[in-house]
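Student: Attaching a predicted model along with its sequence, questions to come.
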Amino acid sequence: MDLVPSRPFREIDPWRSFGELSPLRREMDSIFRRFFGKSPFEKAVAEEWLPPMDISETEDSILIRAELPGLEVSDIDVSIQGDRLTIKGEKKREEEKKGEHFHCTERFCGSFQRSLRLPTTVRTDKVEAKFEKGILAITLPKTEEGKTKEIKIAVK
C-alpha cells in the first residue's frame, strides 16, 4: 500500500508489541513511581509522539486529517517535496505551577514529524490546509495524470 506513513527508526513504545504484557508494564511503572518518583520506561514513551492521522482518497484528491489538540497554527509546518508530504510541529509543555504536584501525566508534548509518500502526483499549487478545533485537514488535488481513467475495450 502506497499510503503507509513512515515511522521513526526507534519505536516509541518498546512494549507496544507485547500487548498481553501491557498490564505488567503498568504495574511495574506504578511500583517504580512509588519508590523512585518516575519509571525508567516513561522517558522512552514521552520523548516523542506521533499525532494520529486519517488518510483517504477520492477520485479527484487525497485527503489527510491529523489530530493536533493543543496546538496553534503557528506550531505546525506542512510541506511537500517530490512525492513526500511532511507534517511537523511541536506541542509545548505547560509550565508547572509552584506547589503543583502531579499524580498522573498522560498528555503528550514535544516535537513530532510525520512523513508519507503520496500514491500519485498532486497539484502542489492547489493544496489546501485548514486547521479547526485541533484537526488539521489537508486536501491534495490530483493531477490529470494521477486520476483513474476508464479504458474502453474494442470488440473485433
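Tutor: Great, that's in hand. Numbers count the residues shown, from 1 in each chain.
Student: In the chain, where is pLDDT below threshold?
Tutor: Within the chain, the segments meeting pLDDT under 70 span 1-22, 32, 35-48, 96.
Student: Can you mark which positions in stretch 100-120 are buried?
Tutor: By 16 or more other Cβ atoms under 10 Å, the buried positions in stretch 100-120 come out as 108, 112, 114, 116, 118-120. The C-beta positions use only the backbone N, C-alpha and C, and glycine is treated the same way.
Student: swap in stretch 135-151?
Tutor: So stretch 135-151, judged by 16+ other Cβ under 10 Å, has buried residues 136, 138-142, 146.
Student: Stretch 75-91 now?
Tutor: Those would be 76, 78, 85, 87, 89, 91, for stretch 75-91 by 16+ other Cβ under 10 Å.
Student: What segments of this protein are strands?
Tutor: 5-6, 53-57, 61-67, 76-81, 84-91, 110-117, 128-132, 135-141 (DSSP state E).
Student: mind listing what S56 touches?
Tutor: 62-63 (Cβ atoms under 8 Å, 6 or more residues apart in numbering).
Student: switch the cut-off to 10 Å
Tutor: 3, 62-65 (Cβ atoms under 10 Å, 6 or more residues apart in numbering).
Student: Check the gap between K88 and I31 for me.
Tutor: 36 Å (Cβ to Cβ, to the nearest Å).
Student: contacting residues for the closest residue in space to V122 that isn't next to it in sequence?
Tutor: Leaving aside its sequence neighbours, V122 sits nearest to L140 (Cβ to Cβ, 6 or more residues apart in numbering; 4.2 Å). Shown in contact with L140 (Cβ under 10 Å, 6+ apart): 57, 60-64, 80, 85, 118, 120-124, 126-129, 146.
Student: Show me which of the buried residues of stretch 135-151 is closest to K156.
Tutor: G146 (31.5 Å; Cβ to Cβ).
Student: That closest one is in contact with T58, isn't it?
Tutor: No. Using Cβ atoms under 10 Å, G146 is not in contact with T58, being 11.9 Å away.
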